[in-house]
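Colleague: Kindly generate the corresponding structure for this input.
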Amino acid sequence: MTPARARARVWAWAAAAVGIYAAIVAVTYAACVARTGGAFVYPIDDAYIHLAIAKNLAASGTYGVTSRAFAPASSSVLWPVLLAGLRLAGLRDAAPLAVDVALGAVLVATVVVALHDEGLRGAAGAAAAVAIAVAIPLVPLVFSGMEHVLHAVATLWLALAATRAIAADRTTRADAIRVALLAALAASARYEALALAAFLAAAFAFRRRWIAAAGVVAGAAAPLVAEAVFASAHGGPLVPVSILLKRSRADAWTWPAVVYYRLLEAPHVLALLALLAAVTVHRHAARRAPRWDRRSLLVGAAFATLAAHVAAAQVGWFYRYEAYAMALGLVAVAAAAPELGAHARAYAVPLAIVTLPITGRGIASLRATPPASSNIYGQQMQMAAFLRDFYPGERVVVNDIGAVSYLTDVDLIDLVGLGSLDVARAKGMRIDQPLTRDQIETLTRGARIAIVYEDWFAAALPPSWRRAGRWRIHDNHVCAKDTVSFYSIARDEDEPLAAHLRSFAPRLPPSVDDVDRAR
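Modeller: Down below sits the predicted model:
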């Protein structure tokens with residue numbers, strides 16, 4: 001078979017795998033819109049934070065969730081800018097979904113081609129790519145409308161290109177430039193790309209390929225330095241507020257316990273780390289792992305990336321934080337599968353047991369996505385509709401800001417701090433640092449109403465705030481709390497707020513209970 005014909009067959013299998021992925025996307029989309037009155041709603045409120053920043057960037061050049069103030073609420077350098085460009089081109093609400101669907105197809109095709117190059121070919125390679133897509137899990141990430149699919153694609157491209165260049169007898173200038181550009185793309189997608197960039201730079205340095213090593217470091221650093229300079233010029237911190245607020249409180253003494261419990265809460269991560277370690281042991285025992293073998297480098301990069309993520313970053317929250325490392329790790333394990341050869345049957349049962357947390361989580365994620373979309377529709381979208389109808393342009397207090405910031409023009413005060421720098425600074429740039437009652441009174445001065453999770457602030461809510469009503473969603477999968485409370489803050493707002501809630505109640509979807517009215 002000629003090389004051209006062989007490559008055509010690879011792309012035919014890639015097209016088949018992408019077709020299966022597209023079918024899963026279509027079925028999931030239909031299930032989502034069936035729960036939201038026919039309109040697609042992103043199953044993560046954070047998607048609307050990026051849309052809000054993009055809207056304000058495109059309209060006024062303000063990098064923030066409102067047009068009134070700078071607020072670096074995104075952990076991605078590139079994603080809001082990309083959405084702003086698409087908005088100027090005419091693609092608005094659907095832009096994140098459209099881009100992620102396309103990137104998901106790119107990811108599946110990339111996996112098929114990468115596995116073919118490693119010896120897992122034909123139907124087996126296509127099936128493995130679909131299985132990896134389910135296990136990541138890719139489809140929920142696509143529907144989240146965020147930068148995580150881009151991050152996974154960039155991570156995979158970077159790891160494949162760099163390990164090929166490191167394993168080769170020499171690294172060409174073209175290889176060095178390519179790897180540097182991919183490092184910049186990965187880091188501009190999310191800051192977690194720094195762990196992989198550090199591993200690859202070290203590997204290049206060990207092989208005395210100093211230009212390539214420096215290129216990886218410079219490429220990964222460039223977008224983050226640009227972000228820091230931009231934020232500093234606008235009076236913000238050098239690192240996005242979203243990262244600072246969510247950083248761990250662990251110190252040298254408590255860090256091991258934090259990592260231990262993080263792994264217990266994420267058995268899929270523990271299972272993948274075990275698989276990567278087992279692959280390494282098997283390859284060395286079978287003497288199939290030369291010092292600078294590409295598969296060894298890919299497995300090492302995946303293990304280092306996933307381990308660094310568990311050690312320094314969060315896991316979970318609708319499958320997204322560690323997704324890029326899951327994608328890289330699963331591809332690395334699959335790439336080594338052809339080496340099992342005659343041992344494949346003997347390893348089948350142990351592998352099935354070890355991978356159960358990964359595969360089970362992936363399948364469960366497909367079932368969780370439509371209810372999650374319904375949750376955001378029932379809580380965040382209804383909050384936004386309520387404020388848009390009754391409090392346009394008014395100063396209001398919230399603690400989940402995505403849909404509210406994107407779909408209304410309210411003067412927003414975010415009690416978590418993502419969208420309000422003064423609140424973030426009052427909290428010491430820590431999301432788990434509670435505000436005092438005096439701080440809340442000062443920060444919310446001039447606001448008319450508040451819509452908050454009462455459990456988060458009950459002990460510190462000012463006594464002058466009067467609760468007027470509560471909404472509770474059913475079958476909560478993704479919202480931090482199932483119940484939001486409405487408070488009047490302005491002295492003359494008690495009766496108007498109560499009247500507005502009564503007026504809006506008939507419009508609430510069946511998945512939402514008007515708690516106080518029902519009583």
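
Colleague: Phi and psi next, for Ile473.
Modeller: For Ile473, the backbone dihedrals are phi -90, psi 160 (criterion: degrees, to the nearest 10).

Colleague: neighbours around it, how many?
Modeller: The local packing of Ile473 (other C-beta atoms under 10 Å) involves 26 other residues. For the C-beta atoms, the positions are set from N, CA and C on the backbone; glycine is no exception.

Colleague: Let me see the contact set for it.
Modeller: Contacts for Ile473 (C-beta atoms under 8 Å, 6 or more residues apart in numbering) come out as 374-375, 378-379, 479, 482-483, 511-513.

Colleague: Now intersect those residues with the strands, please.
Modeller: Secondary structure defined by DSSP state E assigns 483, 512-513 of these to strands.

Colleague: Of those, which is the most crowded?
Modeller: In the ones in strands among the contacts of Ile473, the most neighbours by other C-beta under 10 Å go to Val512, 21 neighbours.

Colleague: partners of that residue in the sheet?
Modeller: Beta-bridge partners recorded for Val512 (DSSP bridges): Ile473.

Colleague: how close does it get to Phe386?
Modeller: Applying C-beta to C-beta, to the nearest Å, the value for Val512 to Phe386 is 11 Å.

Colleague: circling back: which two of the contacts of Ile473 have the greatest separation?
Modeller: Distance extremes for those: the farthest pair is Ser374 and Thr483 at 15.8 Å, using C-beta to C-beta.

Colleague: out of the ones in strands among the contacts of Ile473, who's nearest Gly104?
Modeller: Using C-beta to C-beta, the ones in strands among the contacts of Ile473 come closest to Gly104 at Val512, 30.7 Å.

Colleague: So the closest one sits against Arg472, correct?
Modeller: Yes. Using C-beta atoms under 8 Å, Val512 is in contact with Arg472, at 7.0 Å.

Colleague: now the end-to-end length of stretch 127-147.
Modeller: Using C-alpha to C-alpha, to the nearest Å, one end of stretch 127-147 lies 26 Å from the other.

Colleague: State the mean pLDDT of it.
Modeller: Averaging pLDDT along stretch 127-147 yields 96.

Colleague: How far off centre is that stretch?
Modeller: Centre-to-centre, stretch 127-147 and its host chain are 12 Å apart (C-alpha atoms, centre = their mean, to the nearest Å).

Colleague: Also stretch 313-326?
Modeller: Relative to its parent chain, stretch 313-326 has a centroid offset of 7 Å by C-alpha atoms, centre = their mean.

Colleague: What lies in contact with that stretch?
Modeller: By C-beta under 8 Å, 6+ apart, the residues outside stretch 313-326 that reach it are 43-44, 135-138, 140-141, 144, 146, 148, 151-152, 155, 190, 192-193, 246, 262, 265-266, 268-269, 272, 302, 305-306, 309-310, 358, 361, 365, 372, 478.

Colleague: mind listing what's buried in that stretch?
Modeller: Across stretch 313-326, burial judged by 16 or more other C-beta atoms under 10 Å covers 313, 315, 318-326.

Colleague: Any regions of the protein where pLDDT drops low?
Modeller: For the chain, the stretches flagged by pLDDT under 70 are 1, 285-290, 340-350, 518-519.

Colleague: For Ala131, list the residues it contacts.
Modeller: With contacts defined as C-beta under 8 Å, 6+ apart, Ala131 is in contact with Thr359.

Colleague: mind checking how far the helix or strand where it lies is from the chain centre?
Modeller: Secondary structure assigned from DSSP states H and E places Ala131 in helix 122-135. Counting by C-alpha atoms, centre = their mean, helix 122-135 is centred 22 Å from the centre of its parent chain.

Colleague: Flag every buried residue along it.
Modeller: Neighbour-count burial for helix 122-135, with 16+ other C-beta under 10 Å as criterion, is recorded at 124-135.
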